[in-house]
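Q: need a 3D model of the sequence below.
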Amino acid sequence: MKIYYDIENFKSVPNAIVTIGTFDGVHRGHQEILKNMVNHSKELGGESVVVTFYPHPRQVLSNDSGIRFISTQEEKIRHLEALGIDNLIIIKFTKEFAAIPSDSFITDFLVKNIHPAVLIIGYDHHFGKGRTGDFDMLYKLGKQYNFKVEKIKEKDVDNVAVSSTKIRNFLENGDIKNANKLLGYEFSYTGKVVHGQQVGHKMGYPTANIEVAEEFQLIEHQGVYATFVDIYGLSYPSMTYIGKRPTMHDNRPQSIETHIIGLDKDLYDKEIKIRFVDFVRDDEKFDNFEALKRQISIDEQKIINILNK
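A: Below you'll find the model as predicted:
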């Protein structure tokens with residue numbers, strides 16, 4: 001996949017099949033659009049072109065410092081590449097760019113630089129200043145500038161419409177199984193292993209504390225999860241804790257730490273990926289370390305049973 005960080009550097013391709021969006025999470029609804037693009041490009045002997053934005057428009061236009069996203073920019077790129085996208089254009093999103101009228105964005109950016117043969121959008125897609133751009137506008141511009149416009153229907157999974165907002169809500173409530181259903185893959189964190197306080201090691205459950213790769217990535221509901229850890233090209237079963245360790249009385253900030261079952265190696269400064277499979281229990285405060293240790297042993301056996309299935 002070719003990546004362009006300036007649309008003017010994009011070299012026009014014949015029969016460009018284009019879509020536009022932020023694609024947070026690259027979930028099953030997004031995948032429907034992207035697979036359709038890839039199929040179209042093969043049929044027409046053209047190439048697929050995804051146009052996205054960075055930073056995310058909400059980070060630029062909103063004063064809400066608590067904005068969190070499902071995937072990092074690097075993860076989004078990996079997902080798009082895995083789906084077979086040929087070209088990715090990442091437009092730097094600024095307040096000045098946000099002020100461009102919807103029709104000017106299509107004519108001055110997409111038509112001028114990409115020359116789309118087909119533009120594929122989601123059922124509820126809006127774009128441009130004030131989000132005034134929609135399917136009707138695109139259809140009229142398509143007639144004028146000789147490109148087709150196709151709208152993909154809403155994607156349902158078990159009678160639930162797929163959206164990034166629903167997935168975020170599931171994750172924030174610890175419903176990892178339903179979040180994964182809508183994503184079409186296991187939600188994950190990728191980050192570097194950093195030094196902790198060695199409390200898990202003292203209890204016989206050494207943990208790898210990770211520093212997530214991007215500060216704006218959403219952190220899940222606090223508690224214990226059944227997970228897999230990818231490292232050294234292999235996957236290991238693990239139990240992962242997200243929380244502030246209330247039993248320790250240390251008032252430390254929230255941490256993400258995972259005990260990797262069957263791997264006893266020094267992982268400091270190594271990059272690992274934690275894939276979440278199921279939620280096991282909420283975070284809670286125990287009377288003492290022995291009570292906590294007993295619960296961790298129960299958690300481990302429950303997680304082994306979950307992951308074995």
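Q: which elements pack onto the lengthiest helix in the chain?
A: Looking across the chain with DSSP state H, the single longest helix is helix 289-308. The contact analysis (3 or more CB pairs under 8 Å, 6 or more residues apart in numbering; DSSP states H and E) places helix 289-308 against strand 223-231, strand 234-243, strand 271-282. No exception for glycine: its C-beta is placed from N, CA and C like everyone else's.
Q: buried deepest among the ones you listed, which one?
A: strand 223-231 (a mean of 22; mean count of other CB atoms under 10 Å).
Q: any idea which residue sits dead centre in the chain?
A: The centroid of the chain falls nearest to residue 71 when counting by CA atoms, centre = their mean (2.3 Å).
Q: sec struct for the closest residue to that residue other than its chain neighbours, please.
A: Once flanking residues are discounted, residue 71 sits nearest to residue 25: 5.2 Å by CB to CB, 6 or more residues apart in numbering. Under DSSP: H, G, I helix; E, B strand; the rest coil, the three-state class of residue 25 is coil.
Q: cool, the one 5 residues further on as well?
A: Residue 30 falls in the helix class when you classify it by three-state DSSP.
Q: I'd like the next helix or strand past the lowest-mean-pLDDT helix or strand in the chain.
A: Among the helices and strands of the chain, helix 199-202 carries the lowest confidence by mean pLDDT, DSSP states H and E, at a mean of 58. Next along the chain after helix 199-202, taking DSSP states H and E as the criterion, comes strand 208-212.
Q: so which residues make contact with that next one?
A: Identification of contacts with strand 208-212 by CB atoms under 8 Å, 6 or more residues apart in numbering yields 189-196, 219, 229, 255-260, 267, 272, 274.
Q: if you set the cut-off to 10 Å instead, what comes out?
A: With contacts defined as CB atoms under 10 Å, 6 or more residues apart in numbering, strand 208-212 is touched by 72, 189-198, 200, 218-219, 229, 231, 238, 240-241, 255-260, 263, 265-268, 270-274.
Q: could you dump the helices and strands packed on helix 289-308 to CSV with distance to residue 162?
A: Below are those laid out as CSV (distance: least, CB to CB, whole Å):
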stretch, distance to residue 162
strand 223-231, 22
strand 234-243, 24
strand 271-282, 18
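Q: restricting to C-alpha, output the longest helix of the chain in PDB.
A: In PDB, the C-alpha atoms belonging to helix 289-308 read as follows (Å, rounded to 0.1, in the frame of the first residue of the first chain):
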ATOM      1  CA  PHE A 289      -2.500  -9.300  49.700                       C
ATOM      2  CA  GLU A 290      -3.400 -12.900  50.600                       C
ATOM      3  CA  ALA A 291      -7.000 -12.300  49.600                       C
ATOM      4  CA  LEU A 292      -5.900 -10.600  46.400                       C
ATOM      5  CA  LYS A 293      -3.500 -13.500  45.600                       C
ATOM      6  CA  ARG A 294      -6.300 -16.000  46.100                       C
ATOM      7  CA  GLN A 295      -8.600 -14.100  43.700                       C
ATOM      8  CA  ILE A 296      -5.800 -13.800  41.100                       C
ATOM      9  CA  SER A 297      -5.400 -17.600  41.300                       C
ATOM     10  CA  ILE A 298      -9.200 -18.000  40.700                       C
ATOM     11  CA  ASP A 299      -9.000 -15.500  37.800                       C
ATOM     12  CA  GLU A 300      -6.100 -17.300  36.200                       C
ATOM     13  CA  GLN A 301      -8.000 -20.600  36.100                       C
ATOM     14  CA  LYS A 302     -11.100 -19.000  34.700                       C
ATOM     15  CA  ILE A 303      -9.100 -17.200  32.000                       C
ATOM     16  CA  ILE A 304      -7.300 -20.400  31.000                       C
ATOM     17  CA  ASN A 305     -10.700 -22.100  30.600                       C
ATOM     18  CA  ILE A 306     -12.000 -19.200  28.500                       C
ATOM     19  CA  LEU A 307      -8.900 -19.100  26.200                       C
ATOM     20  CA  ASN A 308      -8.900 -22.800  25.800                       C
END
